[in-house]
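Asker: Attaching a predicted model along with its sequence, questions to come.
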Amino acid sequence: MAIPPGDPAVTRTGGPLIVMDVGGTTLRVGTFDVRGGGRLSDVARMRVDGMDRHPGTPVPVLQRQVVDQIVREAERRAGTPWAGTRPGPAPAALAVAFAGPVARDGIVLGAPTVWGEGGEPLPLQEVLSARLSVPVLVVNDLTAAAWRYGTESTVPFCLLTVSSGIGNKVFRDGDVLLDAGGYGGELGHWTCDRSPDAPLCDCGGRGHLGAIASGRGVLAAVRRAAAADPAGYARSAPARAGTADPRFLGNPEIAEAVRNGDPFTTAVLRSTLVHLAAAVGAVFASIGIRRYVLMGGFALAIGERYRELLVEELVRQGCFGLAAAQVDAMVVLGEDDDDHGLIGVGRLMARRLAAHREKVTL
């Protein structure tokens, strides 16, 4: 986070923060009040001006569009100019949670779900700081989300998101485990299927966990299963509910079917969880993390049944030294809302600003 020396923002102790969460499909914008432990309000959601909305657009163009959208929404939230004409204290800063690996200096190294494969690293924190003239923090979206839970627990944990992609972050000893380049917690890009026809990931790689077990991956798997077994799909809950053509199937229909115990969609989901459970088991075996917090739109849409199916697969594969009850206890659902990144990046930014204020007043 770049805070210019003597920046007046550090003295705005009552000023709220503008917080954003940039995902592969949705941009979330909110106001985070640092007083009283932090409160999120006025959350708005819109489609990201990335490849989901503009398929086939070159990466540099998508990068410019996403930056322009962030600036536009920040200015709209704060009033124009940034100092604001709205009642109350002016916003103190902008904090952005971004989907993709982010270096410690706020450079987005890649964003497969936002603008696809390739493209040059984007110094997003520097660009936004220059255009908005306020302190800006840019971190990975799961790094941000981990701070939502990390401020409430001293127990090491792995945050695992299953949505349009898959990612994870390990929170231990009061911080997220990352290297200087921002890497650490990209299980979604672990190659778990090395067959030549393995599903293609948004990043361009083949057989990655995110291409297989994410919401998009499960949807593609159900469609493939429907093509291979038309009669079986015809008996499935989505087909009986009116989606006879699997090309028009969506994740909401799959989530509802699994929640209601539909055999066809549940069997497909189980096949993808084989790989996800292997990844969780590897994290446990390598660094001994005994708590896994599940979040992400797809996993939380299925809810407790998703947790149960993952635990069943973990027990089937075996977690070295753990009994079934211990495996069950270590997997929990996160809060059933869409605010993980917003709350987490707000808490992290408030912590950084407070530390900077303390430093400059010593």
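Answerer: Cool, got the structure.

Asker: Which of the helices and strands in the protein ranks last by mean pLDDT?
Answerer: The least trusted helix or strand in the chain, going by mean pLDDT, DSSP states H and E, turns out to be helix 340-361, with a mean of 82.

Asker: For that one, what is the distance to the chain centroid?
Answerer: Computed by C-alpha atoms, centre = their mean, to the nearest Å, the chain-centroid distance of helix 340-361 equals 20 Å.

Asker: swap in stretch 143-158?
Answerer: Here stretch 143-158 is found 14 Å from its chain centre; the criterion is C-alpha atoms, centre = their mean.

Asker: Pass me the low-pLDDT residue ranges in this protein, would you?
Answerer: 1-14, 36-37, 80-90, 151-153, 356-362 (pLDDT under 70).

Asker: let's see it at 80
Answerer: Scanning the chain for pLDDT under 80 picks out 1-15, 35-38, 78-91, 151-154, 180-183, 355-362.

Asker: Show me where it has its helices.
Answerer: 59-78, 124-132, 141-150, 209-213, 215-228, 230-234, 237-240, 251-259, 263-287, 297-302, 304-317, 324-330, 340-361 (DSSP state H).

Asker: which residues touch the second one?
Answerer: When contacts are taken as C-beta atoms under 8 Å, 6 or more residues apart in numbering, the neighbours of helix 124-132 outside the stretch itself are 1-2, 67, 70-71, 74-75, 82, 94, 96, 98, 102, 105-108, 135-138. Where you see a C-beta, it was placed from the backbone N, CA and C, and this is true even at glycine.

Asker: Columns distance to T26 on top of the helices of the chain, output as JSON lines?
Answerer: Listed next are the helices of the chain as JSON lines, based on distance: least, C-beta to C-beta, whole Å:
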{"stretch": "helix 59-78", "distance to T26": "12"}
{"stretch": "helix 124-132", "distance to T26": "18"}
{"stretch": "helix 141-150", "distance to T26": "11"}
{"stretch": "helix 209-213", "distance to T26": "17"}
{"stretch": "helix 215-228", "distance to T26": "13"}
{"stretch": "helix 230-234", "distance to T26": "29"}
{"stretch": "helix 237-240", "distance to T26": "23"}
{"stretch": "helix 251-259", "distance to T26": "13"}
{"stretch": "helix 263-287", "distance to T26": "22"}
{"stretch": "helix 297-302", "distance to T26": "9"}
{"stretch": "helix 304-317", "distance to T26": "20"}
{"stretch": "helix 324-330", "distance to T26": "30"}
{"stretch": "helix 340-361", "distance to T26": "10"}
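
Asker: Of those, which is nearest R35?
Answerer: Comparing the helices of the chain against R35 with C-beta to C-beta, the closest turns out to be helix 340-361 (9.6 Å).

Asker: what packs against that closest one?
Answerer: strand 17-22, strand 26-33, strand 39-47, strand 93-98, strand 136-140, helix 141-150 (3 or more C-beta pairs under 8 Å, 6 or more residues apart in numbering; DSSP states H and E).

Asker: 10 Å - rerun?
Answerer: The helices and strands touching helix 340-361, judged by 3 or more C-beta pairs under 10 Å, 6 or more residues apart in numbering; DSSP states H and E, are strand 17-22, strand 26-33, strand 39-47, strand 93-98, strand 136-140, helix 141-150, strand 157-162, strand 292-295.

Asker: can you count the residues close to the nearest residue to V67 once chain neighbours are set aside?
Answerer: Computed as C-beta to C-beta, 6 or more residues apart in numbering, the closest residue to V67 that is not its neighbour in sequence is V127, at 6.0 Å. With neighbours defined by other C-beta atoms under 10 Å, the count for V127 comes to 20.

Asker: repeat for A244
Answerer: Under the neighbour criterion other C-beta under 10 Å, A244 is assigned a count of 13.

Asker: how many neighbours does the closest residue in space to it that isn't next to it in sequence have?
Answerer: Leaving aside its sequence neighbours, A244 sits nearest to A234 (C-beta to C-beta, 6+ apart; 7.4 Å). Neighbourhood size, A234 [other C-beta under 10 Å]: 12.

Asker: if I pick A234, what's in contact with it?
Answerer: 226, 240, 244, 264 (C-beta atoms under 10 Å, 6 or more residues apart in numbering).

Asker: Next: Y292.
Answerer: Neighbour list for Y292: 157-160, 168, 280, 283-284, 307, 310-311, 314, 327, 330-332 [criterion: C-beta under 10 Å, 6+ apart].

Asker: Just the buried subset of those residues, please.
Answerer: Neighbour-count burial (16 or more other C-beta atoms under 10 Å) applied to the contacts of Y292 gives 157-160, 168, 280, 283-284, 307, 310-311, 314, 327, 330-331.

Asker: And the residues you listed, which is closest to A301?
Answerer: Of all the buried ones among the contacts of Y292, R307 has the smallest distance to A301: 12.4 Å, by C-beta to C-beta.

Asker: Roughly how far does the closest one sit from N168?
Answerer: 16 Å (C-beta to C-beta, to the nearest Å).

Asker: same deal with T243?
Answerer: The gap separating T243 from N168 is 31 Å, by C-beta to C-beta.

Asker: now do V67
Answerer: 27 Å.

Asker: Same question for G341.
Answerer: 14 Å.

Asker: about what we covered before: and the helices of the chain: which comes nearest G38?
Answerer: With distances scored as C-beta to C-beta, the stretch of the helices of the chain nearest to G38 is helix 340-361 (5.7 Å).
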